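1. what would the 3D arrangement of this be:
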Amino acid sequence: MAAWPDPIDFSFERFVAAQENKSLLRFITCGSVDDGKSTLIGRLLYESKLLFDDQLAALDADSRKFGTQAGKLDFALLVDGLAAEREQGITIDVAYRYFTTDRRKFIVADTPGHEQYTRNMATGASTAEVAVILVDARKGLTRQTRRHSLIVSMVGVKHVALAINKMDLVDWSPEIFAQIERDFRAFAAGLGFDGIACIPLSALNGDNVVAGSANAPWYGGPTLLGYLETVEVAPPTAGQPFRLPVQWVNRPDLDFRGYAGLIARGEVRPGMAVVAQPSGQASRVARIVTYGGDLPVAVAGQSVTLTLTDAIDVSRGDVLAAADRPALVAERLDVRLLWMAERPVRPGQSFLMKLGTATAAVTVEAVRSSVDLESLAREPATQLALNAIGDCVLVADRAIAFDPYSANRETGGLILIDRDGYDTVAMGFVNDAATVPAPATAEIAAPAAPPPAEAADQALRWIAATSDRPWRSLAKAVSWRATGSIDTTILAFVFTGNLKVAAAIGGTEVFTKIALYFIHERIWSRLSFGLGPEAKAALKARREGKRQ
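-> Numbering: from 1, shown residues only. Sure, this is the predicted structure:
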């Protein structure tokens with residue numbers, strides 16, 4: 001009889017140590033509605049033997065109650081947990097699941113495919129390193145497939161697995177697979193992906209999900225899990241300059257002032273020269289303070305408190321940056337927006353902008369272009385509708401420190417918040433500081449000055465103010481006489497030396513002349529003397545309208 005393994009091999013400490021030595025990969029499943037995203041994740045967990053007995057029992061019961069597979073296990077129910085999702089058979093919210101294999105740890109975000117829930121998909125994509133984009137083999141690329149592909153490229157995902165699902169419904173046709181692959185690679189050529197792996201599979205039956213399938217002998221690539229376990233994702237912070245967006249000024253007593261936050265990029269050491277932005281004040285790091293004691297070095301992902309050698313002004317929302325490679329500072333930002341509100345965005349609208357730890361009021365100065373989802377071409381636009389993607393210029397009420405999003409997610413990503421309802425209305429990605437529009441050149445002819453007679457006529461029409469209502473005339477009379485009476489009261493006091501007499505004269509002037517001015521104003525508002533033809537016609541029409 002074989003001996004039992006040493007119990008030490010099953011100790012909690014050894015298990016934790018083994019998990020810590022594994023790399024962690026965050027990935028997202030996305031694509032059009034009903035392409036099988038939730039089913040794929042459920043099948044992946046099931047085939048990897050990562051479900052407990054109670055989970056399998058619950059899945060079996062839920063499949064009989066809510067399932068769409070005629071009594072068989074409906075793996076989509078493992079991640080579709082909302083009642084509305086189970087009733088409708090769709091994904092609405094983002095579902096996060098953690099699982100591990102012998103080679104890697106994973107956090108997967110299962111996102112909705114419906115267009116109306118695009119904002120949820122974008123939220124899930126914002127932290128992903130790899131995107132699994134599903135395509136129904138019967139439908140090929142859809143508009144939502146293209147939109148999701150563009151979004152994952154915008155948020156900085158560089159590796160994509162194109163999972164061509166439901167191949168069993170097209171008889172595992174290599175021609176259909178090849179055509180979809182060609183279409184996607186042609187579309188994604190300008191999206192900046194570092195690698196694209198196309199995998200034919202059937203999420204419902206488990207083909208090419210964890211184990212290879214005999215149904216596709218013509219395919220020689222990895223399974224989906226094999227791809228996820230081996231794809232190499234470069235650390236996003238490699239070679240990046242130091243950035244620490246300040247979250248809190250730590251001031252427990254008179255002898256300590258520290259600046260707390262999560263290091264977004266790079267590393268920091270005591271003695272390192274830093275600059276506080278946007279103010280531009282320079283100093284050096286004195287200490288790196290943590291709950292467990294001071295550190296000799298801190299890197300991206302660590303929450304620390306930095307003390308500086310100089311007493312400079314640093315507040316929440318500022319950025320401590322490497323002095324030799326500082327962030328950019330500007331009030332006008334050139335950004336790409338994913339608009340997520342029902343009401344379109346137009347120039348002139350104001351919002352709150354959250355960028356890193358900074359919050360500022362911003363105004364949309366211009367909508368420069370929108371992105372066509374078929375060709376990815378930038379087309380001129382004056383507004384962005386729901387789920388549209390386009391380039392805009394935002395003007396903040398103060399200078400903001402930032403990096404282009406392509407260089408730093410944490411200091412280049414933003415959201416726009418409605419000032420009234422506090423709803424998040426847009427996700428944004430900073431491209432660069434926006435240039436100030438050049439003034440009109442001399443080649444652009446100025447409007448010709450009107451002839452003297454016409455200019456005089458325009459002035460008379462403006463002065464006459466025939467559109468004034470009685471309350472406006474009264475308001476003008478009060479404001480004018482109140483101003484004039486103050487002057488009269490002062491002069492009367494100067495000449496008489498009697499304050500009571502001066503007040504009586506001023507008060508009399510206010511009450512009598514307001515009435516006279518009001519009557520005078522209303523008479524002139526009804527006279528056509530001195531008005532041009534258009535103003536006379538308008539006055540005549542208004543009179544006739546009142547008679548009717």
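
2. pretty sure Arg336 belongs to a strand, no?
-> Yes: using DSSP: H, G, I helix; E, B strand; the rest coil, the assignment for Arg336 is a strand.

3. show me what the residue lying closest to it once chain neighbours are set aside bridges to in the sheet.
-> In this structure, Arg336 finds its nearest non-sequential neighbour in Phe429, 4.8 Å apart by Cβ to Cβ, 6 or more residues apart in numbering. (Glycine included, C-beta is placed from N, CA and C.) Under DSSP bridges, the beta-bridge partners of Phe429 are Arg336, Gly413.

4. tell me who's in contact with Val130.
-> Going by Cβ atoms under 8 Å, 6 or more residues apart in numbering, Val130 touches 25-28, 157, 159-161, 228, 231, 233.

5. same question, Ser370
-> By Cβ under 8 Å, 6+ apart, the neighbours of Ser370 are 378-379, 381, 384, 388-390.

6. repeat the analysis, applying 10 Å as the threshold.
-> Counting by Cβ atoms under 10 Å, 6 or more residues apart in numbering, Ser370 touches 337, 339, 377-385, 388-392.

7. buried set for stretch 317-327?
-> 317-322, 326-327 (16 or more other Cβ atoms under 10 Å).

8. what about the strands in the stretch 1-150 of the chain?
-> 23-31, 95-100, 104-110, 130-136 (DSSP state E, counting those that start in this stretch).

9. worst mean pLDDT among the ones you listed?
-> Per-stretch mean pLDDT for the strands of the stretch 1-150 of the chain is lowest at strand 95-100 (a mean of 82).

10. what's the farthest-apart pair in the buried residues of stretch 317-327?
-> Gly317 and Ala322 (18.6 Å; Cβ to Cβ).

11. average pLDDT across stretch 138-146?
-> 91.

12. quick one: distance of it to the chain centre.
-> Relative to its chain's centre, stretch 138-146 lies at 24 Å (Cα atoms, centre = their mean, to the nearest Å).

13. so how far does that stretch reach from one end to the other?
-> This stretch, stretch 138-146, spans 16 Å end to end (Cα to Cα, to the nearest Å).

14. what's it in contact with?
-> 30-35, 113-115, 118, 121, 133-136, 148-149, 162, 164-167, 169-170, 176, 179-180, 183-184, 186-188, 191, 371-376, 387.

15. out of those, which end up buried?
-> Using 16+ other Cβ under 10 Å, the buried ones in those are 30-32, 34-35, 113-114, 118, 121, 133-136, 148-149, 162, 164-167, 170, 176, 180, 184, 187-188, 191, 371, 373, 376, 387.

16. which of these fall in helices?
-> 118, 121, 148-149, 176, 180, 184, 187 (DSSP state H).

17. could you dump the residues you listed to TSV with distance to Asn408?
-> Listed next are those as TSV, based on distance: Cβ to Cβ, whole Å:
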residue	distance to Asn408
Thr118	24
Met121	23
His148	23
Ser149	23
Ile176	41
Ile180	34
Phe184	29
Phe187	27
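
18. and those residues, which two are the farthest apart?
-> For those, and using Cβ to Cβ, no pair is farther apart than Thr118 and Ile176, which are 27.1 Å apart.

19. where in the stretch 301-450 of the chain is pLDDT low?
-> 436-450 (pLDDT under 70).

20. surely Thr359 is in a strand?
-> Yes: assessed by three-state DSSP, Thr359 belongs to a strand.

21. ok, it touching Pro245?
-> No: using Cβ atoms under 10 Å, Thr359 is not in contact with Pro245, being 11.6 Å away.

22. look at those two and report which has more neighbours.
-> Neighbour count, other Cβ atoms under 10 Å: between Thr359 and Pro245, Pro245 has more, with 25 against 13.

23. what sits against that one?
-> 259, 261-264, 277, 316-321, 327, 355-358, 401-402, 410-411.

24. please redo it, this time with the cut-off set to 7 Å
-> 261, 264, 319, 356-357, 410-411 (Cβ atoms under 7 Å, 6 or more residues apart in numbering).

25. need the phi and psi values for Ser153.
-> phi -70, psi -40 (degrees, to the nearest 10).

26. do the same with the one 4 residues further on
-> Phi and psi for Val157, reported as degrees, to the nearest 10, are phi -70, psi 130.

27. do the one 3 residues further on as well
-> Its backbone dihedrals place Val160 at phi -130, psi 130, with angles given as degrees, to the nearest 10.

28. mind listing the helices for this structure?
-> 12-20, 37-47, 53-66, 83-88, 118-125, 143-154, 174-187, 224-230, 409-412, 452-464, 470-496, 499-525, 533-547.

29. what residues are up against the most centrally placed residue in the chain?
-> Compute the mean C-alpha point of the chain, and by Cα atoms, centre = their mean the closest residue is Met427, 1.4 Å away. Going by Cβ under 7 Å, 6+ apart, Met427 touches 122, 338, 340, 415.

30. quick check, pLDDT for the residue nearest to Val210 when sequence neighbours are not counted.
-> Distance criterion Cβ to Cβ, 6+ apart; nearest residue to Val210, sequence neighbours excluded, is Glu47 at 3.8 Å. Per-residue pLDDT puts Glu47 at 74.

31. surely Glu47 touches Asn208?
-> No: checked against Cβ atoms under 7 Å, the pair Glu47 and Asn208 is beyond contact range at 10.6 Å.

32. quick one: which of the contacts of Pro245 is most hemmed in?
-> Val319 (30 neighbours).

33. distance of that residue from Pro326?
-> 9 Å (Cβ to Cβ, to the nearest Å).

34. name the residues contacting each of those two.
-> Common neighbours of Val319 and Pro326 (Cβ under 7 Å, 6+ apart) are Gln277.

35. tabulate the contacts of Pro245 (CSV), appending distance to Leu254.
-> Formatted as CSV, the contacts of Pro245 follow (distance: Cβ to Cβ, whole Å):
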residue, distance to Leu254
Gly261, 22
Ala264, 30
Val319, 26
Gly356, 29
Thr357, 25
Glu410, 32
Thr411, 32
